[in-house]
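Visitor: Fold the following.
(4 chains)
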Number of protein chains: 2
Amino acid sequence: MTARTSNDTARDIPEATVARLPIYLRALITLAEDGTETCSSEELATAAGVNSAKLRKDLSYLGSYGTRGVGYDVEYLRYQIAREIGVTQDWPVVIVGIGNLGHALANYSGFRSRGFRVVALLDADPDRHDEVVAGVDVRPFDELEEIAAEHGVAIGVIATPALAAQDVADRMVTAGITSILNFAPTVLSVPAGVDVRKVDLSIELQILAFHVQRKAAANALAQESSA
Amino acid sequence: MTARTSNDTARDIPEATVARLPIYLRALITLAEDGTETCSSEELATAAGVNSAKLRKDLSYLGSYGTRGVGYDVEYLRYQIAREIGVTQDWPVVIVGIGNLGHALANYSGFRSRGFRVVALLDADPDRHDEVVAGVDVRPFDELEEIAAEHGVAIGVIATPALAAQDVADRMVTAGITSILNFAPTVLSVPAGVDVRKVDLSIELQILAFHVQRKAAANALAQESSA
DNA sequence: CTCAGTTTGTTCTCTCGTTCACAAACTCCT
DNA sequence: AGGAGTTTGTGAACGAGAGAACAAACTGAG
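Guide: Numbering: from 1, shown residues only, chains lettered A, B, ... in the order given. Model prediction:
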C-alpha cells in the first residue's frame, strides 16, 4: 500500500506498529492529564484498546523505555513516541476542497493540538475565495505551488469531489508534497515515494453493513435450528 | 479488532477481503457508467488500485463469477458484490453529534447513493433542535431508543466530541445498534458482538507525518554520504 | 474438430503480524 | 542481604495475508 524509499535507514518499525503509535500517544496524553506519572503496559494497553503483549512489542521497536517491575514513565514515553512519529514540532498542512467536509476539517481543533498547522485552504471555485474559514483565507487552487514552497508543506489533504481528486493529487505532487490524505472516494495514482492514505466514509459503512448482514444471517439460522 | 459471533455460518470471507469489496464495487459502478460490459481481472484490479492476483483471490471467496478466457460481466459481478456486502437495499443510519463534522456527514451525498439512508440526526444540545440539516430534523439525543426501534436501525455514527462518545456508544448498544462508526478521537469499549470502526483524522495525519520524517531522514543521510 | 491464445480459479510459498510464555530486571518488605 | 512479588522485553509458535505461478476452462480461427 505504502511506497517505500529504497534507503531504509535505521531499525524499521513495522507498518502495523506505526499505525498504533498515535493511539498510544493519545492514551498517554490522557493519562498525563489525569496526573498519572507511571503506568504499566497493562494499563496503557487497556486505555489504547489493545493486547498488552502487542503494546510491549510495539514499544520495543522504539527502544527500551520502560523499567521492569515498575512500568513506563508517562511523560518520558509520551515524548519518545511523539519524537518517533515526528510531532514534537508542527507540520504545515494544506487542505484542498472547502465544501462541507473541507469546512469541518478546517475547523477541526485536533489539528493544532496534535502537531499540525493548516497554512492554507484552497478551492478551485472562485465563489469561495471571499470566505474565511477557521481564521484562514480560502485561496485559489492555482496558488498551491507557491504556498507549498513558501511554507515547506509536505502534507496535503484532499477534500474535493471524486472527479477533481486525481488532478489535485497530481498538482500536489508537482508542488513537492509527498504525503496525501485523501477523502475523495476514488483511487489515486501517484509516483513511487509519495504516500497516500485514504479515508472513505461509505466504504467504512459498507464494511459495517457486511457484518450486520452476516450477524443477521447467523441469528436467523440459530432461530431456525432452535424452532 | 472486530468482535466475532460464535456462529460463523457459511464460508467466511477474510477481513482484508471484506475491506476491499467496496472498492471493487465502486470500480465496477464506474466501469458500468462508462458502458463497459465485460472486464478482465487485470482491468478491474488497475481500476481498484490492487494486484490482479489479489483481486481474483478476493472474488473467489464469493464464488466463481467469472468466465475463463473472457473475464467478468460487469453488471453481474456488481450485483453479486453488492449482495454480498448487503447494499442491495438501503440501511437506516443515525448520526449523533451535529457539529461541523456531523453537518458534513449529513450532507454527504454518497450516503444515499451507496446503500444508506440517514433516518435521524441527534444532538444533546437543545440549541440545535430547531435546525434542519440535509432535509432531516435534528432531534434530542434522548429519542435515540425510540427512533432506532421505529426504523430498525443497526448502524450508528458517532460525530461527537471525545468526552461524549463512550456514553453515546453505550446508549446506542442499549438501543439495539450493533455496528458503530466512530469519528470521535477516543477508544470505545463495547460488548462482544458489537462492531466498531474508527475514523480518526489526526491519527491518519500522524501516520503520514511519521513517513515524511522518515523520508527526510533518509534524504539527509543520502546527502551526507554523497558529500 | 483441433489448436493457439486468453483469462480465471487455486495452490504454494513467503512475509508480516499477533499472541503466548518466560527469563531478566526491578522494587519492596523483612 | 535475601526472597517474594511485579513488570518489561523478547524468543518462538501460530495465523493471516500477499504474490507468484500454473492448471483448468473458455473463445475463436482455420
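Visitor: burial of the residue in chain A that DNA strand C sits nearest to, as a residue count?
Guide: Nearest residue of chain A to DNA strand C, counting by C-beta to the nearest atom of the strand: A:G69, 2.3 Å away. For glycine as for every other residue, the C-beta is placed from the backbone atoms N, C-alpha and C. When neighbours are defined as other C-beta atoms under 10 Å in any protein chain shown, A:G69 has 6 of them.
Visitor: Can you tell me the SS state at it?
Guide: Following DSSP: H, G, I helix; E, B strand; the rest coil, we place A:G69 in the coil state.
Visitor: what's the helix or strand for the nearest residue to A:A19 once chain neighbours are set aside?
Guide: Using C-beta to C-beta, 6 or more residues apart in numbering or on different chains and skipping residues adjacent in sequence, the residue nearest A:A19 is B:I207, 5.8 Å away. When secondary structure is defined using DSSP states H and E, the element that contains B:I207 is helix B:201-226.
Visitor: now that helix, how far from the centre of its chain.
Guide: 29 Å (C-alpha atoms, centre = their mean, to the nearest Å).
Visitor: name the helices or strands packed onto it?
Guide: Using 3 or more C-beta pairs under 8 Å, 6 or more residues apart in numbering or on different chains; DSSP states H and E, the elements in contact with helix B:201-226 are helix A:15-33, helix A:74-85, strand A:91-96, helix A:110-113, strand A:116-123, strand A:155-158, strand A:179-182, strand A:195-198.
Visitor: what does the average pLDDT come to for that helix?
Guide: Here helix B:201-226 scores 89 as its mean pLDDT.
Visitor: How about stretch A:53-68?
Guide: For stretch A:53-68, mean pLDDT rounds to 98.
Visitor: Only the buried residues of it, if you could.
Guide: A:55-56, A:58-59, A:62, A:66 (16 or more other C-beta atoms under 10 Å in any protein chain shown).
Visitor: What about those residues, which are in strands?
Guide: Secondary structure defined by DSSP state E assigns A:G66 of the buried residues of stretch A:53-68 to strands.
Visitor: Which ones, among the buried residues of stretch A:53-68, also lie beside DNA strand D?
Guide: Among the buried residues of stretch A:53-68, the ones lying close to DNA strand D by the criterion of C-beta under 7 Å from any atom of the strand are A:56, A:59, A:66.
Visitor: Would you format the residues you listed as JSON lines with distance to B:P14 included?
Guide: What follows is these, written out as JSON lines (distance: C-beta to C-beta, whole Å):
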{"residue": "A:R56", "distance to B:P14": "27"}
{"residue": "A:L59", "distance to B:P14": "29"}
{"residue": "A:G66", "distance to B:P14": "34"}
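Visitor: what subset of the residues you listed is also close to DNA strand C?
Guide: A:R56.
Visitor: neighbours of A:W91, just the number please.
Guide: By other C-beta under 10 Å, 23 other residues sit near A:W91.
Visitor: Return the set of residues that bridge with it.
Guide: A:F116 (DSSP bridges).
Visitor: So the closest residue in space to A:G97 that isn't next to it in sequence, which state does it fall into?
Guide: Nearest non-adjacent residue to A:G97, counting by C-beta to C-beta, 6+ apart: A:T160, 3.4 Å away. At A:T160 the chain is in coil, as set by three-state DSSP.
Visitor: Now do the phi/psi pair for A:T160.
Guide: Here is the backbone geometry of A:T160 (degrees, to the nearest 10): phi -90, psi 170.
Visitor: what's it in contact with, if anything?
Guide: Applying C-beta atoms under 8 Å, 6 or more residues apart in numbering or on different chains to A:T160 gives the contacts A:96-97, A:99, A:124, A:168, A:184.
Visitor: of all the helices and strands packed on helix B:201-226, which lies closest to B:A47?
Guide: Set against B:A47 and scored by C-beta to C-beta, the helices and strands packed on helix B:201-226 come closest in strand A:195-198, at 14.7 Å.
Visitor: is the closest one anywhere near DNA strand D?
Guide: No - using C-beta under 7 Å from any atom of the strand, strand A:195-198 stays clear of DNA strand D, with a minimum separation of 14.1 Å.
Visitor: what about that strand, near chain B?
Guide: Yes - judged by C-beta under 8 Å from any C-beta of the partner chain, strand A:195-198 comes into contact with chain B at A:195, A:197.
Visitor: Packing partners of that strand?
Guide: strand A:179-182, helix B:201-226.
Visitor: for the ones you listed, which one ends up most surrounded?
Guide: Of these, the one with the most neighbours on average (mean count of other C-beta atoms under 10 Å in any protein chain shown) is strand A:179-182, at a mean of 24.
Visitor: Partner strands of that strand, with direction?
Guide: strand A:155-158 (parallel), strand A:195-198 (parallel).
Visitor: what about the last one, near DNA strand C?
Guide: Same thing as strand A:195-198. No - Strand A:195-198 lies out of reach of DNA strand C by C-beta under 7 Å from any atom of the strand, never closer than 14.6 Å.
Visitor: tell me the mean pLDDT for that strand?
Guide: Average pLDDT, strand A:195-198: 98.
Visitor: hmm, who's touching it?
Guide: Counting by C-beta under 8 Å, 6+ apart, A:2-3, A:169, A:178-183, A:188, A:190, B:204, B:207-208, B:211-212 sit against strand A:195-198.
Visitor: ok, which pair from the residues you listed is furthest apart?
Guide: That would be A:A3 and A:F183, which, of the contacts of strand A:195-198, are the farthest apart (C-beta to C-beta) at 19.9 Å.
Visitor: So for the two, which sits in the more crowded spot?
Guide: Higher neighbour count among A:A3 and A:F183: A:F183, with 22 against 14, using other C-beta under 10 Å.
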